[in-house]
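Colleague: Okay, sequence plus prediction incoming.
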Amino acid sequence: MSGSRRDFLKVSGLVAAGLFATPGVALADPWDGVAEILQRIKPPTFPDKEFAVTAYGGKGDGSTDNTAAFRKAIEACNAAGGGRVVVRGGVFLTGGITLLSNVNLVVEKGATIRFQTDPKKYLPIVPTRWQGIECLNYRSLLYANGATNIALTGGGTLDGQGQTWKPWGGGGSDWTLLQKWGAGNTPVAQRKLGEGHKLRPNMIQFVECANILISGVTIERPPMWSVHPVKSRNITVSGITVNSRGGGGNNDGVDPECCTDVHIVGCTFNTGDDCIAIKSGRDVDGRRVNMPSQNIVIEDCTFVFSNRGAICVGSEASGGARNVFARNCKVNPANTADQLWYVLFLKTGNHRGGVIDGVHLRNITGNKLTKSPLFITMNYSSSGPGPVMNPVVRNITIDRVTVAGTKEYAVEIDGLAASKVRDVVVSNCTFMSVARGGNKLTNTENVTFPNTRINGKPV
């Protein structure tokens, strides 16, 4: 292990917590480590100083360009040692916003930040990731890089007007070019996109930041992924509502990528794609960075709609993922058919590589799912150029999950002959109204079902 990686692990608290274990050796009860993870995750606090955007020329009339007012207020707050930049009363139209250290951007109930639709408002290009590959591209609508102690709080709304970005689709030839750069190890500084290219920005992206809080806000119509912390640590996402349908497409909810110590709690997801997706880079480029997402706790969340999964790992997980926990969540509580596909969607492929070691679900309910509620696949077909690199998937525990209705199987695991999915325990679970009446297991090893019933019968 390099010195830099060892230092990162020490900073993250993994060594002290005993969670950086020997690969392939599971803890006796993985949930024993959750309390210590949560004890380490401490939301930032801020000085009791207010910097109202209106004091810097801002107007909530829905038509004034407030880009300069946001920049001035944030810079003043940062220069004063930190505090709250407050948005209250009205609709504040703006271009890109960049948060600085020790700044809490407070969007009060009744206030809306509405982001402009002109792509030039999100220039100059900045270091970012696009679907797991590093590049220089449009900044996210709300962006930070290298900041410490930052927050987005309040009861207000952020509107990305993402439908105006939808014609850009999946990026076309620009996405093909970026994949080629990643596979060929083109220096990141040369991977310049932005103006003249069509890779949509994320709504909120914090890169290489520490001590992050996102709380209470409603996020609507993002151009792409909604909340995307990258290579960051000590992150709390609490009580937010994500309404990403109607945005630019591929509208995930919260996607921590290469992040350590993350707490996602009490959030509501109504998304056009994955609700929560744990990521760590894509294929060759993800393995080059080689930074896992780890020590992630998801709890007390409600998943209203997704045409994919509620809790997802991948598909961009080439840096690996470990110690991912989800508990006390509700999937499709309205009990309306065809609202969600999966409770757990773990997806990777034979070009990804990476080790997914330790994903644990407990006390989760689901209703009327479109696909198999627990779906693990190593044949997810979205890889670009690059060599075959089989991933590793192991140590998955599913406990006290109750699902009432699915059009497919209860548990579906689709491993590789060259790399089987190993050590999966589905315990104390109940699956009712399972259309195909059982499980479908391909290329697996040591998958057990203690005290689990499907359509009233023990497995």
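Modeller: Sure thing, it's come through.
Colleague: now the helices for the stretch 151-300 of the chain?
Modeller: Here the stretch 151-300 of the chain has its helices, by DSSP state H, counting those that start in this stretch, at 172-183, 283-289.
Colleague: got these as a markdown table, with mean pLDDT columns?
Modeller: Shown next, in a markdown table, are the helices of the stretch 151-300 of the chain (pLDDT from 0 to 100):
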| stretch | mean pLDDT |
| --- | --- |
| helix 172-183 | 97 |
| helix 283-289 | 98 |
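Colleague: Output these in TSV, with distance to T448 appended to each entry.
Modeller: Every residue, glycine included, has its C-beta placed from N, CA and C. TSV is the format used below for the helices of the stretch 151-300 of the chain (distance: least, CB to CB, whole Å):
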stretch	distance to T448
helix 172-183	38
helix 283-289	31
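Colleague: Buried deepest among those, which one?
Modeller: With neighbours defined by mean count of other CB atoms under 10 Å, none of the helices of the stretch 151-300 of the chain is more surrounded on average than helix 283-289, at a mean of 23.
Colleague: Point out the other elements, helices or strands, that that one touches.
Modeller: On a contact count with 3 or more CB pairs under 8 Å, 6 or more residues apart in numbering; DSSP states H and E, helix 283-289 meets strand 133-137, helix 172-183.
Colleague: which one of the helices of the stretch 151-300 of the chain lies closest to D399?
Modeller: helix 283-289 (29.8 Å; CB to CB).
Colleague: Between the helices of the stretch 151-300 of the chain, which one is closest to T236.
Modeller: Set against T236 and scored by CB to CB, these come closest in helix 283-289, at 23.9 Å.
Colleague: for that closest one, the distance to its chain's centre please.
Modeller: 18 Å (CA atoms, centre = their mean, to the nearest Å).
Colleague: Please apply the same query to stretch 420-427.
Modeller: In terms of CA atoms, centre = their mean, the centre of stretch 420-427 is found 24 Å from the chain centre.
Colleague: So what touches it?
Modeller: 26, 374, 376, 378, 393-401, 411, 413-415, 443-452, 459 (CB atoms under 8 Å, 6 or more residues apart in numbering).
Colleague: Which among these count as buried?
Modeller: Among those, the ones that count as buried by 16 or more other CB atoms under 10 Å are 26, 374, 376, 378, 393-401, 411, 413-415, 443-444, 447, 449, 452, 459.
Colleague: Going along the chain, name the strands of the stretch 51-200 of the chain.
Modeller: Along the stretch 51-200 of the chain, counting by DSSP state E, counting those that start in this stretch, strands occupy 83-87, 90-94, 97-98, 103-107, 111-115, 126-130, 133-137, 142-145, 148-153, 157-159.
Colleague: okay, those strands, which one's buried deepest?
Modeller: Highest mean neighbour count of these: strand 103-107, a mean of 26 (counted as mean count of other CB under 10 Å).
Colleague: if you average pLDDT over it, what comes out?
Modeller: The average pLDDT for strand 103-107 rounds to 98.
Colleague: what do you get for stretch 303-310?
Modeller: Averaged across stretch 303-310, the pLDDT comes to 96.
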